[in-house]
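*Asks:* 3D, please:
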Amino acid sequence: MQALRQITYTPRPRVATLSLGIVGRALFALTALSVMTVSVLAEGGPMRLRGDVTARGDVLTLGDLVEGASTEVAARPMFRAPGLGATGTIQARRIADAVAALGLGEIETGGRIQVAVQRAARRVVQPEIEAALKRALESAYGLDPRNLAIRIDGEAPVLLAPVDLAGQATALDLSYDPRSRRVAALITLGERQASLRVSGQVMEIREVVVLGRALNRGEAINAADITIERRPKEASPVDAQAGQGGLAGQVAQRSLSAGAVLRAGDLAPPDLVARGEAVTIVFDSPGLNLSLRGQANEGGRLGATITVTNPVSKKIIPATVIGAGRVSVGPPPNAVMRQANAALDGPALRP
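*Replies:* Numbering: from 1, shown residues only. Reported below is the predicted structural model:
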């Protein structure tokens, strides 16, 4: 019997044509891989919508609006911020759609419908604006800023600037008319990075004494009854009291109302001699000192000239009030003895 030979067959390589299903599955795998790669940028947990936010710049980033984003994606710009100092809203749906468009998946909104966004700003208000104008007036016109007040035209001005714009406000392009006292300038921060044009009226300020309570004629005033206020010079009486030194203890010369600006003549020192009061009449000159009792014909304060009567001779003598119940008569030196005999006639004289 003839032996069988073993025949070895070498198979040819088979080439399969790619079907549409295979291509679709490959593209799906690549897409899933890319989504997984982007998702790795998140910090491992779900991203959550933040609450109301404050923007410090012109643009809101992803990190400003959602929590849980990695550093790489948190810096992505998303929306334009409101204007300086303004507040706006963004619908939560718009934020979710923007996040989904980046391939970052869904975000948790916590039931919020919208997010309020406030733009942070540095606010330069009226006192700082007035201070800038006063500095400029001092520099350009030599005016003392301590004695100036400025009434800004219109509503209280506010200059809005970025929060990182430091430094004090400056008044540029200053114009001032000394006759009308009108002033105008451009208030700026930085290199004119923020500016506001203002105008107003310059007023000279003076200190006046204001009465804190009503006084009746003849009533004494004390230190607690008066205050010092700074008021426009044009609106204050010309003869207004400029300081409170020496006013305590003086008496009202007429009825005065609370809040009144004290004027010269409203107050005067109290009378040291009353009308009809018994007084000591003093004659004092070099080498001669005499005194006698008399009667005041009128009242008077320290230094006032009144008339007194010598009760013995019944002569009326002009005298100067020198203290409580005391008056003085003082003739010229060359007529001392003659005046002493004539004016101080009577047995009440004593050396």
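*Asks:* Quick check: buried residues in the longest strand belonging to the chain?
*Replies:* Criterion DSSP state E: the longest strand present in the chain is strand 194-211. For strand 194-211, a neighbour-count test (16 or more other Cβ atoms under 10 Å) marks 194-196, 198, 200, 202-203, 205, 207-211 as buried. Using the backbone N, CA and C atoms, a C-beta is placed for each residue, glycine as well.
*Asks:* now swap in stretch 172-181 and tell me
*Replies:* For stretch 172-181, by 16+ other Cβ under 10 Å, it's L174, Y176, R181.
*Asks:* Closest one of these to V53?
*Replies:* For those, the closest approach to V53 (Cβ to Cβ) belongs to L174, at 39.9 Å.
*Asks:* roughly how far is the helix or strand harbouring that closest one from the heart of the chain?
*Replies:* Using DSSP states H and E, L174 maps to strand 170-177. Distance, stretch centre to chain centre, for strand 170-177: 21 Å (Cα atoms, centre = their mean, to the nearest Å).
*Asks:* list the helices and strands that strand packs on?
*Replies:* The contact analysis (3 or more Cβ pairs under 8 Å, 6 or more residues apart in numbering; DSSP states H and E) places strand 170-177 against helix 126-141, strand 182-189.
*Asks:* Go through stretch 66-79 and flag the buried ones.
*Replies:* V66, E67, G68, A69, S70, V73, A74, M78, F79.
*Asks:* How much space separates the residue nearest to the spatial centre of the chain from Q168?
*Replies:* Centroid-nearest residue in the chain, with Cα atoms, centre = their mean: P127, separated by 5.0 Å. As for P127, its distance to Q168 is 12 Å (criterion: Cβ to Cβ, to the nearest Å).
*Asks:* swap in A224?
*Replies:* Counting by Cβ to Cβ, the gap from A224 to Q168 is 39 Å.
*Asks:* Same check on R119?
*Replies:* To Q168, R119 is 23 Å away according to Cβ to Cβ.
*Asks:* And for G154?
*Replies:* In terms of Cβ to Cβ, G154 sits 23 Å off from Q168.
*Asks:* related to what we said a few turns ago, for the record, mean pLDDT for the strand holding L174?
*Replies:* Here strand 170-177 scores 96 as its mean pLDDT.
*Asks:* ok, that strand: who's next to it in the sheet?
*Replies:* In its sheet, strand 170-177 lies beside strand 182-189 (antiparallel), with partners assigned from DSSP bridges.
*Asks:* May I see the buried residues of the partner strand?
*Replies:* Quick answer for strand 182-189 (16+ other Cβ under 10 Å): V183, A184, A185, I187, T188, L189.
*Asks:* and stretch 275-284, C-alpha only, in PDB?
*Replies:* Taking Å, rounded to 0.1, in the frame of the first residue of the first chain, the C-alpha atoms of stretch 275-284 are listed here in PDB:
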ATOM      1  CA  ARG A 275     -29.100 151.700  90.000                       C
ATOM      2  CA  GLY A 276     -29.800 153.000  93.500                       C
ATOM      3  CA  GLU A 277     -27.100 150.900  95.000                       C
ATOM      4  CA  ALA A 278     -24.900 152.200  97.700                       C
ATOM      5  CA  VAL A 279     -21.400 152.400  96.400                       C
ATOM      6  CA  THR A 280     -17.900 153.300  97.600                       C
ATOM      7  CA  ILE A 281     -16.500 156.300  95.800                       C
ATOM      8  CA  VAL A 282     -12.700 156.200  95.500                       C
ATOM      9  CA  PHE A 283     -10.500 159.200  94.800                       C
ATOM     10  CA  ASP A 284      -7.100 157.800  94.000                       C
END
